[in-house]
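here is a sequence together with a model predicted from it:
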Amino acid sequence: MTARIVIEKVPHPAPTPAGERAALMANPGFGKVFSDHMVTVTWTAGKGWHDAKIRAREPFRIDPASAVLHYAQEIFEGLKAYRGADGRVVTFRPEENARRLNRSAERMAMPAVPEELFIDAIEALVRTDAAWIPEGDGSFYLRPFMFATEAFLGVRPANEYVFCVIGSTVGAYFKGGYKTVTVWVSEDYTRAAPGGTGEAKCGGNYASSLVATAEAFENGCDQVVFLDAVERRWIDELGGMNIFFVMDDKTIVTPPLGTILPGITRLSIMKLAAEAGYTVKEEPYGFDQWQADARSGRLREAFACGTAAVIAGIGKVKYRGGEFSIGNSGDGEITTQLRSALVGVQRGTVADKHGWMHEIRLDA
């Protein structure tokens with residue numbers, strides 16, 4: 001059995017003063033306010049994982065020939081730490097993030113991060129920067145990621161990597177707080193193809209979505225929806241979220257895995273929906289079906305989901321040939337029910353029957 005990797009704590013030379021930190025946390029937005037520390041662990045061929053530290057958050061110094069800059073060997077995760085009403089600090093299903101990171105690593109020809117090390121790194125950062133975890137509806141967004149650092153020019157997997165975890169105090173994902181969103185269906189750009197990296201959480205997937213996302217913004221939408229790359233018919237996923245459709249018989253449909261990200265929020269919603277008595281189907285759903293079902297009333301609700309936004313109802317859909325509304329263009333009954341159930345578990349106001357919440361003891 002491999003020995004546990006101990007994360008060494010390196011004193012921060014100048015942590016953020018309490019008053020300045022409080023001012024930053026008062027209106028953090030999303031992904032703009034970062035905590036004082038980061039965890040870094042190095043991997044090299046022949047030595048494996050070593051040199052684990054929690055230290056001051058600072059810029060990396062990497063060689064201009066580092067493989068990540070030329071061949072995009074990079075993967076990441078996203079999860080949140082919450083401060084519950086009972087004072088406990090918890091995270092939601094972090095072991096699933098660890099497993100997904102390693103599935104992404106396998107696809108991108110990168111080394112696996114031991115699950116124990118992943119959890120230890122998360123806990124070390126949360127304990128050290130606990131003062132950055134907000135009260136109330138905010139949370140502490142954790143971004144574990146790994147990238148290739150070996151300096152070389154040649155198409156092969158790198159022999160050196162850094163695994164890092166940073167943290168960010170966050171509020172609502174969408175500007176202006178929680179709202180029902182309007183989405184743009186991209187008919188010109190696709191996100192992923194069979195055999196590609198669609199199921200891996202790698203930066204390249206998101207880079208390829210940005211031009212379509214910009215097109216969505218130009219058309220007054222909050223997010224982009226991608227169609228499949230083969231037939232340009234089947235709903236794939238949003239630029240950064242999975243999608244669900246709620247029918248008039250209370251059947252809930254979501255696109256199958258294969259080219260889309262296996263979302264942890266998606267997986268949890270499917271479990272909660274089935275327990276609530278709904279029929280949940282993973283099956284292809286076409287853009288033509290979406291339009292017809294919305295106009296006939298068969299489709300009552302649609303919502304997007306992910307770690308950042310949790311669950312966001314979809315009220316209106318725009319595309320090059322027009323637009324259509326879903327239900328009453330607001331949150332539906334089932335969307336609201338599932339959001340309340342999921343957020344309740346995460347915030348500690350609903351019983352955690354599945355052991356999804358992972359407590360981080362700050363005095364450990």
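Right, received. Where do you want to start?

counting by contacts, list what the helix or strand where Arg100 lies packs against.
For Arg100, the element it lies in under DSSP states H and E is helix 94-107. Packed against helix 94-107 by the contact rule (3 or more CB pairs under 8 Å, 6 or more residues apart in numbering; DSSP states H and E) you find strand 74-76, helix 115-128, strand 139-148, helix 264-275. For glycine as for every other residue, the C-beta is placed from the backbone atoms N, C-alpha and C.

tally up the residues packed near Ile264, please.
24 (other CB atoms under 10 Å).

which residue sits closest to it, ignoring its sequence neighbours?
Spatial nearest neighbour of Ile264, chain neighbours left out: Glu96 (4.7 Å); criterion: CB to CB, 6 or more residues apart in numbering.

now swap in Arg99 and tell me
Nearest one to Arg99, counting by CB to CB, 6+ apart, is Glu115 at 7.0 Å.

okay but the one you found is in contact with Ala98, surely?
Yes. If you go by CB atoms under 8 Å, Glu115 and Ala98 touch, sitting 4.4 Å apart.

could you measure the closest residue to Ala65 other than its chain neighbours against Ala45, distance?
Distance criterion CB to CB, 6+ apart; nearest residue to Ala65, sequence neighbours excluded, is Ala151 at 4.1 Å. Applying CB to CB, to the nearest Å, the value for Ala151 to Ala45 is 14 Å.

ok, these two, which is more surrounded?
Neighbour count, other CB under 10 Å: between Ala151 and Ala45, Ala151 has more, with 15 against 12.

what residues does the residue nearest to Arg99 make contact with?
95, 98-99, 102 (CB atoms under 8 Å, 6 or more residues apart in numbering).

let me know the closest of these to Lys353.
Distances from Lys353 to those, taken as CB to CB, are shortest for Glu95 (16.8 Å).

that closest one: neighbouring residues, count only.
The local packing of Glu95 (other CB under 10 Å) involves 14 other residues.

please apply the same query to the one 10 residues further on.
Neighbourhood size, Ala105 [other CB under 10 Å]: 21.

isn't it right up against Pro114?
No. In this structure Ala105 lies outside contact range of Pro114 using CB under 8 Å: 11.4 Å.

ok, which stretches of the stretch 251-364 of the chain are helices?
Ranges of helices within the stretch 251-364 of the chain are 264-275, 287-296, 333-347, based on DSSP state H, counting those that start in this stretch.

need those in JSON lines (columns: distance to Gly196 and mean pLDDT).
Rendered in JSON lines, the data for those read as follows (distance: least, CB to CB, whole Å; pLDDT from 0 to 100):
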{"stretch": "helix 264-275", "distance to Gly196": "19", "mean pLDDT": "98"}
{"stretch": "helix 287-296", "distance to Gly196": "20", "mean pLDDT": "97"}
{"stretch": "helix 333-347", "distance to Gly196": "30", "mean pLDDT": "95"}
